[in-house]
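1. Show me the folded form of this:
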Amino acid sequence: MSKLDKAKERIAYEKFWLGVMVVTDVSLVGWLVSAPGSSPPWYRVVAAVLAVAVITSSGFIVHRRIEKQIDVLEDL
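-> The predicted structure follows:
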């Protein structure tokens, strides 16, 4: 497998996980918006807010890695 093909596969794999993070993030935010009506225990809300923060920051990190790998493709 050439370096170009390997780099493309790595980018595709990271794009998949970025998509998983975005869907999870949107789902958690949606749950938080609808949570006040059902009044879940406070620790679930705190855990969801922390999870949103971690997943969002992880998504930005993965996005930056993908951008850097795309820039490397110019050299191959």
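2. where along this structure do the helices fall?
-> Using DSSP state H, the helices of the chain run over residues 3-38, 42-73.
3. any chance of those in a markdown table, with mean neighbour count and mean pLDDT too?
-> No exception for glycine: its C-beta is placed from N, CA and C like everyone else's. Shown next, in a markdown table, are the helices of the chain (neighbours: other CB atoms under 10 Å; pLDDT from 0 to 100):
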| stretch | mean neighbour count | mean pLDDT |
| --- | --- | --- |
| helix 3-38 | 13 | 90 |
| helix 42-73 | 13 | 91 |
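4. Leaving out chain neighbours, which residue sits closest to Val22?
-> Gly59 (6.2 Å; CB to CB, 6 or more residues apart in numbering).
5. What separation is there between Ser2 and Ala12?
-> The spacing between Ser2 and Ala12, counted by CB to CB, to the nearest Å, is 15 Å.
6. Could you do Val54 as well?
-> Distance of Val54 to Ala12, computed by CB to CB: 24 Å.
7. And Leu76, by the same measure?
-> Distance of Leu76 to Ala12, computed by CB to CB: 15 Å.
8. just to revisit the earlier point, how about the residue nearest to Val22, what does it touch?
-> Shown in contact with Gly59 (CB atoms under 8 Å, 6 or more residues apart in numbering): Leu18, Met21, Val22, Asp25.
9. Between the residues you listed, which sits nearest Arg65?
-> Proximity of the contacts of Gly59 to Arg65 was ranked by CB to CB; the top entry is Leu18 with 9.2 Å.
10. what about the closest one, distance to Val52?
-> 16 Å.
11. swap in Tyr43?
-> As judged by CB to CB, Tyr43 and Val52 stand 15 Å apart.
12. do Lys68 as well
-> 25 Å.
13. So what's the gap between stretch 34-48 and the chain middle?
-> Counting by CA atoms, centre = their mean, to the nearest Å, stretch 34-48 is centred 22 Å from the centre of its parent chain.
14. One more: stretch 4-15?
-> Taking CA atoms, centre = their mean, one finds stretch 4-15 lying 16 Å from the centre of the chain it belongs to.
15. Next: stretch 7-22.
-> Average the C-alpha atoms of stretch 7-22, do the same for its chain, and the two points are 9 Å apart (CA atoms, centre = their mean).
16. Noted, bye for now.
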